[in-house]
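could you work out the structure for the sequence below:
(chains A and B)
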Amino acid sequence: MKNIDSFTHVRGESLYVDDLMLRQDVLFGLCFDSPKAHGKIKSVDYSKAEALKGVIKIFTYKDILGENQIGGIIQDEPLWAEDEVHFWGQPIAFIVAETEAIAKKARALITIDIEELPVITTAKEAKEKGSFINAPRSFKLGDSAKTFADCEYVFEGETFSNGQEHLYLETQGCYAVPQENGSIKLTSSTQGPTAVQKTAARVLGVPMHKIEVDVIRLGGGFGGKEDQATPWAVMAAVAVQYLNRPVKFMLNRHDDLRMTGKRHPYSSFYKIGLTKDLKIKAFEVEFLQNSGAAADLSPAIAERTLFHACNSYFIPNVSTTVYSCKTNLPPNTAFRGFGGPQGMFVIESAISAVADKIGIDRRQIQEENLLAENDEFSYGQIATQVEAKNTWFSAKEKFQFEKLEDEVFAFNQENKRFTKGISLMPITFGISFTNTQMNHARALIHIYLDGSVGVSTGAVEMGQGVNTKMLQVAQSVLGVSANRVKIETTNTTRVANTSPSAASSTADLNGKAVEMACKSLIDRLRKVAAKMLSSEEKNISFQEDFVYLDAEKTALSWEELITQAMAQRVALSENAHYATPIIHFDKTKEKGHPFAYHVYGTAITTVTVDCLRGTYEIDAVKMVHDFGKSMNYAVDMGQIEGGLAQGIGWMTMEEIAYGKDGRLLSNALSTYKIPDIFSAPKTVETIPLETEGSEWAIKKSKATGEPPLMYGIGTYFAIQKAVKAFNPNYKLKFHAPFTPEKVLMGLYEK
Amino acid sequence: MIDFILNNQIIKTSAGAGITLLDFIRDFQQLKGTKIGCREGDCGACTVLVGELVDNSVAYQSITCCISPLGNANGKHIVTVEGINLPKELNTVQKAMVDNFATQCGFCTPGFVVSMTGFALENKINTTCNDAISGNICRCTGYKSIEKAGFEIEEKLQQRDNNHQIDWLIKEGFIPNYFETIAERLKQLKTQHSEIESSNRVKVANGTDLYVRHADKLADENVELLADKKELKGILFSEGVCTLGANTTVTEIANSTELQALFLKLKKFMKLISSEPIRNMGTLGGNFVNASPIGDMSIFFLALNSTLTIQKEDGTERHIPFQEFHQKYKVFDLQEDEILKSLSFKVLDANESFNFEKVSKRTHLDIASVNSAGRLSVKNNIVTDAHFAVGGAAEIPKYLHKTSEFLVGKALNAETVKKAEAVLQSEISPISDVRGASEYKRLLARQLFYAHFIELFPSEIELNKLIGQ
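Okay, the predicted model is just below:
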């Protein structure tokens, strides 16, 4: 099935927050933020701004009737700074004016006096100074310290992976409209409608039922709108509460880049031990996560780093620790992979470093240590339905890896102007929110009088195609044609208390709820139909808008059946609640079974480096990916290709830069580059590995949101190989992204 | 008054000429298909087409309307995504996008669809659909699906009837019927439209630089729009000299058959400069007065040893070597009452060759870390004339006087190039910034200098000889 939104997308008719028809009395908001990364606010002078014609009011923390607190996991983040600022871009006030242009002029008139305090921008420095978000977490399996003594090869090293800007094409924003009796409707571009509702209620000091959050769709999210869509909606809500007029607040790109958090940069220190036959016996890592100035989702992201620290490899003795380091950057946040990619980059780097020192190819170590059935993950879960080796060897065979490798070798023998590199990158990614209690969802289905169907869930459509999948589920269970089913906006008054659309789990959780609700409706309708056809319920089924009896089409249409059901006063609406069974995790022991299942795959990446200019092209990425039983290959392929591109961007050109003073230097699209059409790999090929799938995946169709991003990590190591092929003196460095600058410096390193 | 056709509708507006076309489209006309992604021409979400009457037909090209002043729409046909929608069904481009699952979140999609429809309308030879969407950024798809949609479109266009292009495109469902009326309507519009009144104004050509930084300010200002000034346009060859009007766009340079004959790799060079919609707007003069030390066109024409013609308001002209134009960081030789009129350079003779190099973090639609160009005359293996320039390595676009001088009279070989490179290093002073550390820029300046010789004299100069391997 085609993406159900694509018709309006290509015609420019799809609606986003910025496109909504506005009430005539609408006002516009703009945030005034800190021009320093750390300091005490001595004074702020709003008088000139307030005096500007068209400025309605400038809101500060003093105008908050509830709590000035937006922290989710830890209560450490004010909506508007009070007497201290902790990052450059931290919101201090909210200007509401008749037009956006006036608000901008007003902002330029505000003066602030800040007594500066020392600024920390790196995780390493934060650790040295003991600046942390919370207590460190550690996972342990076996006894790594003892095992190193038995290892033939023991190596230690350091890695760094930089942050990544989400660069959703649609910036953050919200349109807030007053309703009756102090209620407010927020149309927000958020992945977490409930988070917006809950936080708005808290800041405004009103019950949650006063706040309605509606989400039509997002122009991209990627994690950046899981937690960080909230403050902007809440600011608008505070203004509406006070002014009783609608307020629209869309961040412009520069403000969005400056004020919002990104993927966490990580500095990591590892120690790895291998036996003579290349078995990794022991692995230790200390991860320093650069969390930024407040917790946001950092603790959960840190946890997922630990979950994925061994990637697709079984290592019997593991000791990993992660520190969430508090710095003076904007609070870093969720980004596709959620700490997993940062963890995987370290083990892949460690393997490369060891291979280089032993003088073998990294793939030999990778291949020796792939996860097998019943291996234990460092967090206690026993691996089942493991496809790590299957995808690895399938990729090697189907894409003729040895031939590719020979070609690369031969090319490098003959060429000096250009060199090639090739790498293998396996992935193993756990599916579920690692916070067990978030793994639930609800669906509300209405069958209307005419037989058309409305489906509401907690799932937010942000391009991943979840609406298409929800429609597929409803349509297939109800046995009706697709055009009968409409997927409604995501709205907190229809489906409440939702988990955000995140963790690759949205289709699984919400899809299961849709399935359950539709099955209940079908059970009821089956009774009606059985009676009408003078048969038994077990003989009745529904297909293509008709009732089937003993698998034979009858004359009884879906519409007629619904008319009859109404006449018999049968309930045609249903609400279902789904919570993933089997998962659990004990944080006191750091052991459990946190994931419903894992997704596996292997990518082969080849690159060509221009050794004169230090630039590179990605020739091909070829993947064997474990889809389970995909319910929509084309949509899932879109996730693979899009995730891959983001992973490649993270590993190659996307370079976040902060000054020592904590100011974002890569503060515009002219200085922060994401892949364009020419930087995409020339060839992208995906062979689906059809596996049994998991019964916890919707229709056994495994989640595809986050896992493919990590295929991009292979690019780093392919480039590294090509650099080394040109310059044998190049000392391997593990400092992502591998920009053309680092490539050229590496090519000519002495 | 500004008169133009927006999709199928005649617009007569008294809105300020300096507001962006984007704001006019979205806020004044409530056409919300054109999206706001960055407001600096770097994402393509706001791409629209501009159709201009050339002879008797309408020539279309894409622009990013976030950095385009409304006034520049005067007398033109502006096409947004709504303007290419067919009443009930999808147009050919849209269908290809849907069929290939080339849209995910959908926010960038209208921009892609408009650029691709522009590709169909432009009827350019030797360009690909990928080139047409070089200014469109997508964060969801990874582009392969969009590329596939593009291949489908390219294939369809193979059968195009060039004699009745608009009719053919209408028949094949690329564009709606009303397009056939546009040429005639523009002719009528042209006769009606009057010059925009302006006094005490900020001079704006196509705005690609000014609007990135000053769109808010310019919305309130009286802008003097230079784009339609005919005397600033045109590429002229006369007596061995090529003269380009200051308003010549990068696209016009790239498409000039005379210049293509002069520089065989011209298209390749120009493809390194920004993206299709920006090339369609960005002017030579704009690039020179922006005075960025890394301006691509500055570097290109510095190495051609060009001369600038500057005109005073009273019509008098003066000529200066382009090398002397940029004086200090963002300081250049142009008075308040002067305007950059044109640039000229001596056409290359049979002994001369030219090369342009640029490296940036992202190869396309990016600002260079270092760029460089060189013009070299070689007779009997002796360098008889040399002009080299490098960007991103000094506070101005740097003409390499000493390096160029050093080369003259020397034998063309690796030893000479290496020695010249040492002189080059003494002439440059790169700083560390987001485009690279100073030591990287020094190394890159060396590499690009080498690249000129390797590209121009592949049999004489090889990389391994230069780097001593």
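
from here on, just use CA atoms for contacts and neighbour counts.
Fine.

just give the closest residue to residue B:319, not the sequence neighbours.
residue B:309 (4.6 Å; CA to CA, 6 or more residues apart in numbering or on different chains).

counting contacts, what elements does the helix or strand where that neighbour lies pack onto?
Using DSSP states H and E, residue B:309 sits in strand B:307-312. Where contact means 3 or more CA pairs under 8 Å, 6 or more residues apart in numbering or on different chains; DSSP states H and E, strand B:307-312 is packed against strand B:317-321, strand B:338-346.

and the angle for that strand with strand B:338-346?
On the basis of axes from the mean of the first three to the mean of the last three CA atoms, to 10 degrees, strand B:307-312 is oriented at 160 degrees to strand B:338-346.

pLDDT on strand B:307-312, on average?
Strand B:307-312 shows a mean pLDDT of 97 in the predicted model.

quick check, the residue in the stretch 1-150 of chain B closest to chain A?
residue B:105 (3.4 Å; CA to the nearest CA).

phi, psi for whichever residue of the stretch 251-400 of chain B sits closest to chain A please.
Nearest to chain A, among the residues of the stretch 251-400 of chain B, is residue B:361, at 6.0 Å (CA to the nearest CA). Residue B:361 adopts backbone torsions of phi -60, psi -50, taken as degrees, to the nearest 10.

so which of the helices and strands packed on strand B:307-312 is the most packed in?
The highest average neighbour count among the helices and strands packed on strand B:307-312, using mean count of other CA atoms under 10 Å in any protein chain shown, belongs to strand B:338-346 at a mean of 21.

how about the host helix or strand of residue B:443 against chain A, any contact?
In the assignment (DSSP H and E), residue B:443 maps to helix B:438-456. Yes - judged by CA under 8 Å from any CA of the partner chain, helix B:438-456 comes into contact with chain A through B:440, B:443, B:444, B:447, B:448, B:451.

nearest to residue B:206 among those?
residue B:448 (30.5 Å; CA to CA).

just checking, the closest one touches residue B:374?
No - at 9.9 Å, residue B:448 and residue B:374 do not qualify as touching, with contact defined as CA atoms under 8 Å.

neighbour count: those two, which is higher?
Legend: neighbour count by other CA atoms under 10 Å in any protein chain shown for residue B:448 and residue B:374, higher for residue B:374 (29 against 25).

near chain B, which residues of the stretch 151-300 of chain A show up?
A:167, A:168, A:169, A:170, A:171, A:217, A:218, A:219, A:220, A:252, A:253, A:254.

if any of those are buried, put those into a PyMOL selection.
With 16 or more other CA atoms under 10 Å in any protein chain shown as the burial test, the buried ones among those are selected in PyMOL as follows:
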select buried, chain A and resi 167+168+169+170+171+217+218+219+220+252+253
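
farthest pair within the residues of the stretch 151-300 of chain A next to chain B?
A:217 and A:254 (22.3 Å).

SS state for the residue of the stretch 351-500 of chain A found nearest chain B?
Nearest residue of the stretch 351-500 of chain A to chain B: residue A:463, at 3.4 Å (CA to the nearest CA). Following DSSP: H, G, I helix; E, B strand; the rest coil, residue A:463 is assigned to coil.
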